[in-house]
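# coords below, sequence missing:
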């Protein structure tokens, strides 16, 4: 069992009508705020006005960067970092889902270096400084609101890179489940898959790790199985939205993975899909994950599947481990492709065999993903083939 | 579902040989350290020397307060607060279990007021300031290492009071499971019961609350059922000690209870037992809890017992809820009194009927405990009678 340091100081305001605390949180860091957001849906749902009201009350000087893309681009980061430098921004307020929050993290760090952001981040330079970040979450998925990581894309090079630093951890996050009522069926489903995958990447692990965390992960996955369908059917179900939202933060804030250091598998593979095809991350994960599970199943790994199947899907404990494993993969596929109604093949979403080679190469960085089962380029291509 | 603020910034160093980080943590607050501990067992196991080595390396000026009692007394708090004032202490380093850490919290706050500590705390004055606290945990039980609460006793008035303030939250805590190898069978068992009770006080709840947290609580209880017996049988089992230790922090750091505000039942009742008889807190809880469960069981509450029985004890889901409820109480009693080998009656531990009235009166503060089921003085006396 590995040692670890647990350190998640993000303060979370959970529930409806907590925005009255926004000014108090921002004021800790200064008066000059850069508000970042995406395509403007926050205006449609009235959130933008509420936020500006609060900022006006607190007498903040507000700058804006809007139009941050899904699978956010380095272009937005460059733009944001420039504003921060020019306007002496004290604190960043990210309003959105994982894309906006991730981009804002890179802006916060990009504002503290003279190097060009892409050069800085792609060369893996240590992120030793970043402006403070506060977030208002509008989509339950990436967990970016309570963790120290982020992902950014470069459309020119078709690269997607992830970075991690305690300095990127939001100081405070506002999680209001009712804000996610307007998230449509498809995005809700993709969010649920993303959260599910964050847990599975940690749960399917060969290292000896804390049983209490395995139990927690099983509880989180059961939460998604229970409330995913409810949120799809009744988008305004507060209980469903609340459970999914808080699960999204805890799936990837570092708690469940603290004592493990095994590499993730499906995420680096999926990042290549969405880097080239710009498909929604959760959809890509839904496509890859069950095939990855199938590909990794053998006598050496089956016990983990048995634990998964019996504890998460309540499959009969008296069946053979291999039978439980197979049923668990079927039930997961059924959940992703039938219950959550996501497309179930590469063909349907337009991913072509001609890109398998380059995507596989990039996914394993021309080496091996040292995950639940080591995966080299050939393995990944095999998994891709199973997705067709 | 209630709104809540999640805010647990305690940094936790988990695992063996993490003490090399001690100096770094303490230095954030200053150079003058008050080291607090109990009866000297930390000297026997060599921990005291290791700590002093680290403090010497960091060039700290160290003062000591030893002899902090189980069920800590206000006397130690007075003494500690005086040292802090006289010696201009910057930071407190508590080494011990819940008693030492609790006392240290009261010292940290007592050092920042001119009022006599007992007067200050018993009058419920807001704790607006406290010296920073770092802890090294030697016993898994109270969760004091990662929460904002503490309990203190006054032997003269036979009172035991609890206080809560974010200012009492330790800045950092060192959790080394191997330090608890020397905790004896009885204390290990009492610790497991205390942790179990912390979870049950929150789990047995009538408020509509987050399912994902219920799942987490069930996982924590399963962890204790699995590893409690292992730790008793093989005190040096790292995996067992680690799971119990990390569970102890998460049972009561505020995460599981964040969305609930229902009063606890067994703890205020037990506090009266240990205030008069000075029995170990966990033993008192073991005696009271199954009887309390039995007393609260009826048609309006049975569904929670059903959830508890089927998810924690794996009782057959096809049985009637009432049957599952009764079996779950039996299995819990068996766990406390047979597996953990704790005494199962008041008679065996010397608690006498003549004190029922005064203990019940104090437990409900001459009113009603608004817990899972409201309990007045008569109810509590009835529960006491079931414990004989």
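Okay, I see it. Keep in mind that what you see is a predicted model, and the values were worked out from it rather than measured.
# contacting residues around stretch A:59-69?
A:23, A:26, A:31-40, A:52, A:55, A:76, A:79-80, A:83, A:87, A:89, A:96, A:99-100, A:103-104, A:107 (C-beta atoms under 8 Å, 6 or more residues apart in numbering or on different chains). Backbone N, C-alpha and C define where each C-beta goes, glycine included.
# For chain A, which residues are neighbours of chain B?
A:1-9, A:11-18, A:208, A:210-212, A:214-216, A:218-220, A:222-223, A:226-227, A:238-239, A:242-243, A:246-247, A:250, A:258-259 (C-beta under 8 Å from any C-beta of the partner chain).
# Can you find which helix in chain A contains the most residues?
helix A:211-233 (DSSP state H).
# Mind listing what's buried along that one?
Neighbour-count burial for helix A:211-233, counted by 16 or more other C-beta atoms under 10 Å in any protein chain shown, picks out A:211-229, A:231-232.
# still on that earlier bit, just the buried ones among the contacts of stretch A:59-69, please.
By 16+ other C-beta under 10 Å, those give A:26, A:32-38, A:55, A:76, A:79-80, A:83, A:89, A:96, A:99-100, A:103-104, A:107 as buried.
# Show me these that map onto helices.
Using DSSP H, the members of the buried ones among the contacts of stretch A:59-69 that fall in helices are A:26, A:55, A:76, A:79, A:80, A:83, A:99, A:100, A:103, A:104, A:107.
# ok, the last one - contacts?
In this case it means residue A:107. Counting by C-beta under 8 Å, 6+ apart, the residues that residue A:107 touches are A:34, A:36, A:65, A:76, A:77, A:80, A:81, A:84, A:92, A:131.
# try 7 Å
Contact partners of residue A:107, counting by C-beta atoms under 7 Å, 6 or more residues apart in numbering or on different chains, are A:36, A:77, A:80, A:81, A:84, A:92.
# what's the weakest-modelled helix or strand in chain A?
In chain A, the helix or strand scored least confidently by mean pLDDT, DSSP states H and E is strand A:159-164, which has a mean of 87.
# In that one, which residues are buried?
By neighbour count with 16+ other C-beta under 10 Å, strand A:159-164 contains the buried residues A:159, A:160, A:161, A:163.
# so how far is it off the chain centroid?
12 Å (C-alpha atoms, centre = their mean, to the nearest Å).
# Which other helices and strands does it contact?
On a contact count with 3 or more C-beta pairs under 7 Å, 6 or more residues apart in numbering or on different chains; DSSP states H and E, strand A:159-164 meets helix A:117-122, strand A:149-154, helix A:266-277.
# Run through who's touching the next helix or strand along the chain from it.
Downstream of strand A:159-164, the next assigned helix or strand under DSSP states H and E is strand A:172-175. Residues outside strand A:172-175 that contact it (C-beta under 7 Å, 6+ apart) are A:10-14, A:18-19, A:22, A:25, A:134-137, A:145-146, A:245.
# Following the chain onward from strand A:172-175, which element is next?
In N-to-C order, the element after strand A:172-175 by DSSP H and E is helix A:185-203.
# What strands flank the least confident helix or strand of chain A, and is each parallel or antiparallel?
strand A:149-154 (antiparallel) (DSSP bridges).
# can you put the helices and strands packed on strand A:159-164 in TSV and add mean neighbour count and distance to residue B:361?
Formatted as TSV, these follow (neighbours: other C-beta atoms under 10 Å in any protein chain shown; distance: least, C-beta to C-beta, whole Å):
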stretch	mean neighbour count	distance to residue B:361
helix A:117-122	19	65
strand A:149-154	23	54
helix A:266-277	23	59
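# Would you format these as TSV with mean pLDDT and distance to residue B:115 included?
Output for the helices and strands packed on strand A:159-164, formatted as TSV (pLDDT from 0 to 100; distance: least, C-beta to C-beta, whole Å):
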stretch	mean pLDDT	distance to residue B:115
helix A:117-122	94	54
strand A:149-154	91	47
helix A:266-277	92	55
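# right, and those - which one's nearest residue A:197?
Between residue A:197 and the helices and strands packed on strand A:159-164, the tightest spacing by C-beta to C-beta is seen for helix A:266-277, at 5.6 Å.
# on contacts alone, who are the packing partners of the closest one?
Under the contact rule (3+ C-beta pairs under 7 Å, 6+ apart), helix A:266-277 is packed against strand A:159-164, helix A:185-203, helix A:281-296, helix A:356-363.
# Just want the angle from the following helix or strand past the third one to helix A:211-233.
Later in the chain than helix A:281-296, the nearest helix or strand by DSSP H and E is helix A:302-312. Between the direction of helix A:302-312 and that of helix A:211-233, the angle (axes from the mean of the first three to the mean of the last three C-alpha atoms, to 10 degrees) works out to 50 degrees.
# for the helix or strand just after helix A:302-312, what is the average pLDDT?
Sequence order places helix A:321-333 as the next helix or strand after helix A:302-312, per DSSP H and E. For helix A:321-333, the mean per-residue pLDDT is 98.
# Helix A:321-333 relative to helix A:211-233, how many degrees between them?
Using the same axes, to 10 degrees: helix A:321-333 against helix A:211-233 is 40 degrees.
# residues of the helix or strand just after helix A:321-333 that come out buried?
Next helix or strand after helix A:321-333 toward the C-terminus (DSSP H and E): helix A:346-349. Buried positions in helix A:346-349, judged by neighbour count with 16+ other C-beta under 10 Å: A:346, A:349.
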